[in-house]
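>>> only geometry, no sequence info:
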Ligand SMILES: O=C1O[C@H](COP(=O)(O)O)[C@@H](O)[C@H](O)[C@H]1O
């Protein structure tokens, strides 16, 4: 794993740096593989990045979009991660519908939806059960409780090591989430974190030792690149290890 931490002056600088990095990785992936695969984060932080991506002239037919986590709500629900990404990016560009790989939230049981998305991923990547395919970029945020995707502190999802997708739990609300071994199979994991409220969690995530189950972001140790983009409010004074 190679790890890099960049502290940018503000959110605008962070968005601009994330955009540049994503376009560079996209160009490399398309040159090498003819396509680029990215998993999106939910939450509030990535929205301006999605708007910035939408303003670019990119080879949309070669870009495949997945989600690292999803709230178990219909796709038009205000809490839907898919809805946010569609409004900010996907509905604004000519990306083929078949390239948008949203997480299903219409099964009676979220575990069935998780299994369905896992099967979809295996078909897309031509992988077998037990194999962990590599996305080009997994974009992640981090909550101020150090959760990432929908891997929340002290939840059963943190113990799942044999699947790509599982059911996460936030205050008894179920969600779908990438498992941490699937995230760790990515070629590049890019975290975006802004705001002073993330500082205490970041200190634990970057500490040499701490409880991984209390600070789930610590479990993200990809085989490829790990990039942290922080604004000054989140990243100043951080011991970047
Ligand atoms: O709940 C979520 O929040 C985290 C972090 O969100 P942010 O609002 O602090 O940016 C996000 O990574 C995750 O995808 C989302 O479901």
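The structure has been received and is ready for your questions. Fair warning: this is a prediction, and the values are worked out from it, not measured in the lab.
>>> rest of the way, CA atoms for contacts and neighbours
Noted.
>>> other residues contacting the top helix by length along the chain?
The residue-count maximum for a helix in the chain (DSSP state H) belongs to helix 11-33. The contact list for helix 11-33, computed with CA atoms under 8 Å, 6 or more residues apart in numbering, reads 8, 35-36, 48-49, 52-53, 62, 136-137, 192, 194, 229-231.
>>> let's see that with 6 Å instead.
If you take CA atoms under 6 Å, 6 or more residues apart in numbering as the criterion, helix 11-33 is touched by 8, 36, 49, 231.
>>> could you do stretch 184-201 as well?
For stretch 184-201, using CA under 6 Å, 6+ apart, the contacting residues are 134-141, 144, 146, 221-231, 233-234.
>>> what about the ligand: which of these touch it?
Residues of these in contact with the ligand (CA under 6 Å from any ligand atom): 140-141.
>>> tell me which of the contacts of stretch 184-201 fall in strands.
137-140, 225-231 (DSSP state E).
>>> so where do the helices sit in the protein?
11-33, 47-54, 81-88, 110-125, 180-184, 199-205, 232-235.
>>> quick revisit: avg pLDDT for the longest helix of the chain?
For helix 11-33, the mean per-residue pLDDT is 98.
>>> what does the chain put close to the ligand?
So the chain meets the ligand at 41-45, 69, 140-143, 148-150 (CA under 6 Å from any ligand atom).
>>> hmm, try it at 5 Å
41-45, 141-143, 148-149 (CA under 5 Å from any ligand atom).
>>> save these as JSON lines, and put in pLDDT and neighbour count too.
Shown next, in JSON lines, are the residues of the chain next to the ligand (pLDDT from 0 to 100; neighbours: other CA atoms under 10 Å):
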{"residue": "41", "pLDDT": "98", "neighbour count": "28"}
{"residue": "42", "pLDDT": "94", "neighbour count": "26"}
{"residue": "43", "pLDDT": "88", "neighbour count": "17"}
{"residue": "44", "pLDDT": "89", "neighbour count": "11"}
{"residue": "45", "pLDDT": "91", "neighbour count": "18"}
{"residue": "141", "pLDDT": "98", "neighbour count": "24"}
{"residue": "142", "pLDDT": "98", "neighbour count": "24"}
{"residue": "143", "pLDDT": "97", "neighbour count": "17"}
{"residue": "148", "pLDDT": "98", "neighbour count": "27"}
{"residue": "149", "pLDDT": "98", "neighbour count": "28"}
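>>> can you add distance to residue 176 and give those residues back as a markdown table?
Converted to a markdown table, these look like this (distance: CA to CA, whole Å):
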| residue | distance to residue 176 |
| --- | --- |
| 41 | 12 |
| 42 | 12 |
| 43 | 14 |
| 44 | 18 |
| 45 | 19 |
| 141 | 15 |
| 142 | 16 |
| 143 | 16 |
| 148 | 12 |
| 149 | 9 |
